[in-house]
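J.: I would like the atomic coordinates for the input below:
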Amino acid sequence: MTRADGLFREFVRDNRPLSGHLRQTYVGSLMERIRAMSEWELTQPTRALVDALVASVRVEPPELLGQEAASETPGADRPGSDPGTRLPTTRFHVAIQIAGEPALLSQWPDATGQELSPVDLYDGDGWELPPADAPYDYVQEMRRYDYRLAQDLWFVGSRDRESEVRALYTFVDLTLEDERTVGGVR
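T.: Below you'll find the predicted structure:
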């Protein structure tokens, strides 16, 4: 599976605003189109002129379609409840088909009028490592584990290098015990 970097993260929110991407990508070509307009075009009714200009730079927003199981790979080892223990996991990927422009998913929708939360939102308790002599804290270890997983939890990719079909991927990492619990006994 080929892939683009993690989506919907704090980094994307802070560094890739959708409004800036659209401005950078489309305003230049729109301005060139306006400068190249004939006098006749400029005398057309305003609504028709605006509609024609918008149509010349229109990008199809991504729409999520059906989903399917994509692949199984070794996952990230999950912290165990005892100090120094790790539990192996299997990563189950799910592919969600995309109609429209998948590259827009790598931008943050900054002008929605509502507050959106990144998948790796820092909650103020800190992700830094505790001092070496601190007692083992399973809850803190799981928080760090979940934070690391959130960096890659969503990405745009394709099944292989030859495929032009793009999908939005996510995954869940399950231990053997988790799999038994949900009914996927191996």
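J.: do a quick rundown of the strands in this protein.
T.: 2-3, 63-74, 78-79, 86-87, 90-99, 155-158, 167-174 (DSSP state E).
J.: any chance of the ones you listed in CSV with distance to M37, mean pLDDT and mean neighbour count as columns?
T.: In short, each C-beta sits where N, CA and C put it, glycine included. Listed next are the strands of the chain as CSV, based on distance: least, C-beta to C-beta, whole Å; pLDDT from 0 to 100; neighbours: other C-beta atoms under 10 Å:
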stretch, distance to M37, mean pLDDT, mean neighbour count
strand 2-3, 41, 52, 12
strand 63-74, 32, 92, 12
strand 78-79, 60, 94, 20
strand 86-87, 64, 95, 14
strand 90-99, 32, 94, 16
strand 155-158, 36, 88, 20
strand 167-174, 38, 94, 20
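J.: D51: which of the ones you listed is closest?
T.: Closest to D51 of the strands of the chain is strand 63-74 (C-beta to C-beta; 22.1 Å).
J.: who touches the closest one?
T.: Around strand 63-74, the neighbours that count as contacts under C-beta atoms under 8 Å, 6 or more residues apart in numbering are 1, 88-100, 159, 167-169.
J.: just to revisit the earlier point, quick check: which of the strands of the chain is nearest to Q140?
T.: When the strands of the chain are compared by C-beta to C-beta, strand 78-79 sits nearest Q140, at 9.2 Å.
J.: tell me, please, the helix or strand in this protein that averages the lowest pLDDT.
T.: In the chain, no helix or strand scores lower on mean pLDDT, DSSP states H and E than strand 2-3, which sits at a mean of 52.
J.: quick check: T89 vs E32, distance?
T.: Distance from T89 to E32, counting by C-beta to C-beta, to the nearest Å: 51 Å.
J.: looking at these two, which is more packed in?
T.: Comparing T89 with E32 by other C-beta atoms under 10 Å, the one with more neighbours is T89, at 20 against 10.
J.: residues touching the closest residue to the more buried one other than its chain neighbours, list them.
T.: Nearest non-adjacent residue to T89, counting by C-beta to C-beta, 6 or more residues apart in numbering: G75, 3.5 Å away. Shown in contact with G75 (C-beta under 8 Å, 6+ apart): P88, T89, T90, R91, F171, D173, L174.
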